[in-house]
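**Student:** give me a 3D structure for the following:
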Amino acid sequence: MEKFGQILFSIQGFPEKASNQKKQIFDKYYDQIFGEQNFDLSKSAEYVKRYFEIKKEYDLLNNSESSDQKIFYILYIDSKLNANIIDKINILENVIKSYNHIVKGKTISDTRKLLYANFKERLEEEIREYLNKK
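**Tutor:** Down below sits the predicted model:
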């Protein structure tokens, strides 16, 4: 159920919070995530299936390592961009590589980058650029 809550939270636009605030999913964010206006029970199986499709594609790629957080971001990108999974993965991976965020004088790890709101903003810029090229 925790993973499903994270999937829903990501699809609803909060992939940066899906992992680092997962304890809050069934507490602070419960009504927001599972409320009638945001949650369509009939799409539950589709969302879970999509999670595993993305995970499978990541696992097939030799140059990219999957993580739940990356998959949550691809689920988020799904609502923004009509492209194949590989293109979405490439966009995300390019933003991860190019995003430089320094905390207390140290560059943060790729995993930590995904937790920052301004990382998500940078990703949205990249999505807009991708759409403008099409």
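**Student:** was I right about residue 127 contacting residue 76?
**Tutor:** No - with contact defined as Cβ atoms under 8 Å, residue 127 and residue 76 do not form a contacting pair (9.8 Å). Where C-beta positions appear, they are placed from N, C-alpha and C, glycine not excepted.
**Student:** okay, the two: which has more neighbours?
**Tutor:** Neighbours were counted for residue 127 and for residue 76 using other Cβ atoms under 10 Å; residue 76 has more, 25 against 19.
**Student:** which parts of this structure are helices?
**Tutor:** With DSSP state H as the criterion, the chain has helices at 2-11, 15-18, 30-34, 44-60, 68-78, 85-98, 110-113, 117-133.
**Student:** ok, and the closest non-adjacent residue to the residue most central in space within the chain?
**Tutor:** Geometric centre of the chain, nearest residue: residue 73, 1.2 Å, by Cα atoms, centre = their mean. Take residue 73 and drop its neighbours on the chain: the residue closest to it by Cβ to Cβ, 6 or more residues apart in numbering is residue 15, 4.5 Å away.
**Student:** tally of neighbours for that neighbour?
**Tutor:** Neighbours around residue 15, by other Cβ under 10 Å: 27.
**Student:** surely it touches residue 72?
**Tutor:** Yes - Residue 15 is in contact with residue 72 according to Cβ under 8 Å; the separation is 4.2 Å.
**Student:** any idea how far residue 97 is from the residue in the chain sticking out farthest from the centre?
**Tutor:** What lies farthest from the middle of the chain is residue 105; by Cα atoms, centre = their mean that is 26.6 Å. Distance, residue 105 to residue 97, by Cβ to Cβ, to the nearest Å: 21 Å.
**Student:** try residue 123
**Tutor:** 12 Å.
**Student:** the more surrounded of the two?
**Tutor:** residue 123 (23 against 10).
**Student:** need the pLDDT of the nearest residue to that one once chain neighbours are set aside.
**Tutor:** Nearest residue to residue 123, sequence neighbours excluded (Cβ to Cβ, 6+ apart): residue 95, at 4.9 Å. With respect to pLDDT, residue 95 scores 95.
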